[in-house]
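K.L.:
with the sequence up front, the predicted model follows.
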Amino acid sequence: MLSGEFPNKDVIDKAAAKEALRALLPEANRIFNSEPSVLRIEEEPVMLVGDIHGNLEALEFILKMREEMGCKTLLFLGDYVDRGPQGVEVLVRLFRLKLEDPENVFLLRGNHETVEMNVYYGFFEEIGFDPLFLAGISRTYKKMPVGAVLSGHTFCVHGGITGVEDIEKITKENAFPYLWNDPSEKPGLGASRRGDTVKEYGPDLVDGFLKLNGLKRVIRAHTAIKDGYEWWFGGKLLSLFSCPDYVGFGNSGAFALFGDGKAGEVKIEKTGVKKEETGGREPGKKELKLFVFGNTKTETQNEEQGYSLLKSL
């Protein structure tokens, strides 16, 4: 290095994050390999998180809310990297959480946990166009669970379903449609604007899927939504998106709390929450709550508060 030249701190930090991620992969592989393609989670409450897309600040905000709400169990629905600047750091944070608490932190695979997406949407550039490292992380992706069933009745997945199929037939090897498919108001299984190999599934298929598997709803991620969440098919499907202002979209982010317990009693008026709860299995016990938070474009932000929690539904 010539006299007077100094290394770029961002480059050094990214290189350090990459090495930290590399060191985590062997143990992450071991744990993911031991998990089934479809997890069964009976613990309640569960915090459900949609797409993060390299937004470390949003992830840290959600984890802060987890602490305030006293929610031990976390389920992430995939898409941790690409489209945002800190995918490496997000993976480091999530893999460390998983390794520290494998029985309470769960990471599903999303469609951006694939080499094909990483090459074109940012993560490959983040790791310095390193093909060997990308191949290594790809091996980890393929070991991740595809779905989860909460309390025996709620199916969680990144994208969706392929039709009226038995969830016991879902494998890590046939993950593609569960990572990619989207809901549609049109009945049946139809074409998708995402590509020839991707499909859209209608309300009739969701009804049949739920009935065949003895379930009551599907919770998925995968789609950027202005309000951070969207209900489909009369409440039988919920779509979550947890990355606010995704690629300049100006959207809010959202996460959900599933089930009863301490988290259902949390009071966070200090962040401007409006309590308007609906639904529930028993009087006074709410089964599913949605929390919507903003960003610098949708809500005032300051150093002390970070992302402002807008409302609880």
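P.N.:
Sure thing, it's come through. Bear in mind that the values here come from a model prediction, so they are computed numbers and not experimental data.

K.L.:
okay, CA-based contacts and neighbour counts for the rest of this
P.N.:
Will do.

K.L.:
I'd like the distance between Gly188 and Gly235.
P.N.:
Distance from Gly188 to Gly235, counting by Cα to Cα, to the nearest Å: 18 Å.

K.L.:
more crowded one of these two?
P.N.:
Gly188 (17 against 11; other Cα atoms under 10 Å).

K.L.:
contacting residues for that one?
P.N.:
Residues in contact with Gly188 (Cα atoms under 8 Å, 6 or more residues apart in numbering) are 163, 201-205.

K.L.:
quick one: which of these is nearest Asp245?
P.N.:
Tyr201 (27.0 Å; Cα to Cα).

K.L.:
wait, the closest one sits on Asn181?
P.N.:
Yes. Using Cα atoms under 8 Å, Tyr201 is in contact with Asn181, at 7.2 Å.

K.L.:
what is in contact with these two at once?
P.N.:
Shared contacts of Tyr201 and Asn181, defined by Cα under 8 Å, 6+ apart, comprise 160-162.

K.L.:
closest to Thr114 among those?
P.N.:
Nearest to Thr114 among these, with distances taken as Cα to Cα, is Gly160, at 16.7 Å.

K.L.:
correct me, but that closest one touches Trp180?
P.N.:
Yes. In this structure Gly160 lies within contact range of Trp180 using Cα under 8 Å: 7.0 Å.

K.L.:
re earlier: next step: the contacts of Gly188 restricted to strands.
P.N.:
Among those, the members falling in strands (DSSP state E) are Tyr201.

K.L.:
which two in the contacts of Gly188 are spaced the farthest apart?
P.N.:
Pairwise over the contacts of Gly188, using Cα to Cα, the maximum falls at Gly163 and Pro203, 10.2 Å.

K.L.:
how about Phe258, nearest residue that isn't a chain neighbour?
P.N.:
Leu288 (4.5 Å; Cα to Cα, 6 or more residues apart in numbering).

K.L.:
count of neighbours near that neighbour?
P.N.:
Around Leu288 there are 20 other residues, counting by other Cα under 10 Å.

K.L.:
for this structure, longest helix please?
P.N.:
Counting by DSSP state H, the longest helix found in the chain is helix 9-34.

K.L.:
what is the mean pLDDT for that one?
P.N.:
Average pLDDT, helix 9-34: 90.

K.L.:
gap between it and the chain center?
P.N.:
Relative to its chain's centre, helix 9-34 lies at 19 Å (Cα atoms, centre = their mean, to the nearest Å).

K.L.:
what sits against Lys72?
P.N.:
45-46, 66, 104.
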